[in-house]
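Novice: Output the structure for:
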Amino acid sequence: MKAHRRRAGTSLAELVLSLAILSCAAAFATPRLVGARDEYAVRAARDAAAALVDRARLLAQLRGSARLQIDPARSEIRVEAPIGSPVASPLRSATEWGAVISVAGSRPGMVSLDFDAHGLGRLANRTLRFRRGGREARLTLSTYGRVRRW
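Specialist: All right, here's what the predicted structure looks like:
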């Protein structure tokens, strides 16, 4: 009787077939991963901007007033004290997350939002839009300085 030897390893056809299946799965997963990364970036930029708004309101209550400076051209937001000096390092959403900031309903250029000693924003409603790729996150500031994320 002949003893059958067991073959070790895989054939070339099996390897090619498994690589073809893996490449098809990767082709379907890649757009979702890119979209998820963009979604994370715009949400992170929006949440950091909301934290700066909260910081400006608190600073206004402590020092009598504060100003939130938004520069859409540079995608930068910073908080200034009553004297006019920056209080914290500015939020640079384009360099940190790759997200671009735009302000709905405003003219091109810098947008200033002032807060009084009660932490109330003496401003019209403003919506900040953070965009990256096909994703967008918004931050709406009400007249009284309340923040709404959406």
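
Novice: OK, contacts around residue 135?
Specialist: Taking CB atoms under 8 Å, 6 or more residues apart in numbering, we find residue 135 in contact with 35, 38-39, 41-42. Heads up, the C-betas are built off the backbone N, CA and C, glycines and all.

Novice: switch the cut-off to 6 Å
Specialist: With contact set as CB atoms under 6 Å, 6 or more residues apart in numbering, residue 135 has these partners: 38-39, 42.

Novice: Out of these, who's the most crowded?
Specialist: residue 42 (23 neighbours; other CB atoms under 10 Å).

Novice: elements contacting the helix or strand that that residue is a member of?
Specialist: Counting by DSSP states H and E, the element that carries residue 42 is helix 12-63. Contact partners of helix 12-63 among helices and strands, from 3 or more CB pairs under 6 Å, 6 or more residues apart in numbering; DSSP states H and E: strand 66-71, strand 76-80, strand 111-115, strand 126-132, strand 135-141.

Novice: quick one: it to strand 66-71, angle?
Specialist: 140 degrees (axes from the mean of the first three to the mean of the last three CA atoms, to 10 degrees).

Novice: tell me the mean pLDDT for helix 12-63?
Specialist: For helix 12-63, mean pLDDT is 87.

Novice: Looking at the contacts of residue 135, which is nearest residue 101?
Specialist: residue 42 (10.1 Å; CB to CB).

Novice: thought that closest one was touching residue 132?
Specialist: Yes: using CB atoms under 6 Å, residue 42 is in contact with residue 132, at 5.2 Å.

Novice: what do the two both touch?
Specialist: Common contacts of residue 42 and residue 132 (CB under 6 Å, 6+ apart): residue 99.
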